[in-house]
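Engineer: Got a predicted structure here, sequence first:
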Amino acid sequence: MPAAAPSPNSSRERTGAPTVRPPPVYRVELIVFRATSALGAPEDWASEAGTAPVTSTDADPGAAAPSDTQATGSAATGTQGGGAPGSSVLGTLPESEFQLDGIASRLRASGRYEPVAHIAWTQTASPWNKPIEIPLQSVGLNAEGITGTVALERGVYLHLVLNLRYAMSDPPAGLEAAPGTVFVLDESHRVRLKERNYFDHPAFGVIALVTSNQPPKQPPSRAAR
């Protein structure tokens, strides 16, 4: 018997490019709050912030101190590690879509904490060990004295990385910190979707929530059943 004629689509099926699924999109929401009284013991805050005086005789007394942009490297420009440009931010979210309003209200009502920033945005995650550091100002943070970056990495698990510097004009009592002291929060947490995560520091902290931004699956229609 003669061989069956090949399907007109068979060669296309064999040579066609594989279907590429778009990367997952996540919603990230942060509340930055400061403590009204110390949450820990005094530390060497100048050393933590890298602002301690240089005492080495090898230092060049005429060298200029690095600017914030120089000190943070790619973090200030939102580039991927290794110098590749790019940003995974898709857009900021309005206050009407915040999911942590109740937490912010409870912090404020406690008298022990003062929310100073509340922001949310959507983004894709960067590959594990190739973080795209996003300047917080680019996703809506506009609080006096706070600068820094955020990165969301996806490997086997999701990790949220925060690097914040908070220059406080009136640090919490009990930390033995002078006005204008810069406090640094630099932490990486494994995060689970829909679970709140707490990044702590003796002077301030962050509550973060990461959720999926994928539309819910629609149940099949009766006709399809």
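Structural biologist: All right, it came through fine.
Engineer: Show the average pLDDT along the strand or helix carrying residue 205.
Structural biologist: With elements taken from DSSP states H and E, the one containing residue 205 is strand 204-212. Per-region confidence: strand 204-212 scores 96 on mean pLDDT.
Engineer: Relative to that strand, what are the paired strands and their orientations?
Structural biologist: Strand 204-212 has the following strand partners under DSSP bridges: strand 26-35 (antiparallel), strand 196-200 (antiparallel).
Engineer: which residue is nearest the middle of the chain?
Structural biologist: The residue at the geometric middle of the chain, judged as the C-alpha nearest the mean C-alpha position with C-alpha atoms, centre = their mean, is residue 150 (2.7 Å).
Engineer: and of the strands paired with strand 204-212, who's closest to residue 129?
Structural biologist: strand 26-35 (18.2 Å; C-beta to C-beta). Just so you know, the C-beta spots here come from the backbone N, C-alpha and C atoms, and that holds for glycine as well.
Engineer: Past the closest one, which element shows up next along the chain?
Structural biologist: Next in sequence after strand 26-35, counting helices and strands by DSSP H and E, comes helix 45-49.
Engineer: And that following helix, how far out from the chain middle?
Structural biologist: Centroid separation between helix 45-49 and its chain, computed with C-alpha atoms, centre = their mean, to the nearest Å, is 22 Å.
Engineer: quick revisit: which positions within the strand holding residue 205 qualify as buried?
Structural biologist: By neighbour count, with 16 or more other C-beta atoms under 10 Å as the criterion, the buried positions of strand 204-212 are 204, 205, 206, 207, 208, 209, 210, 211.
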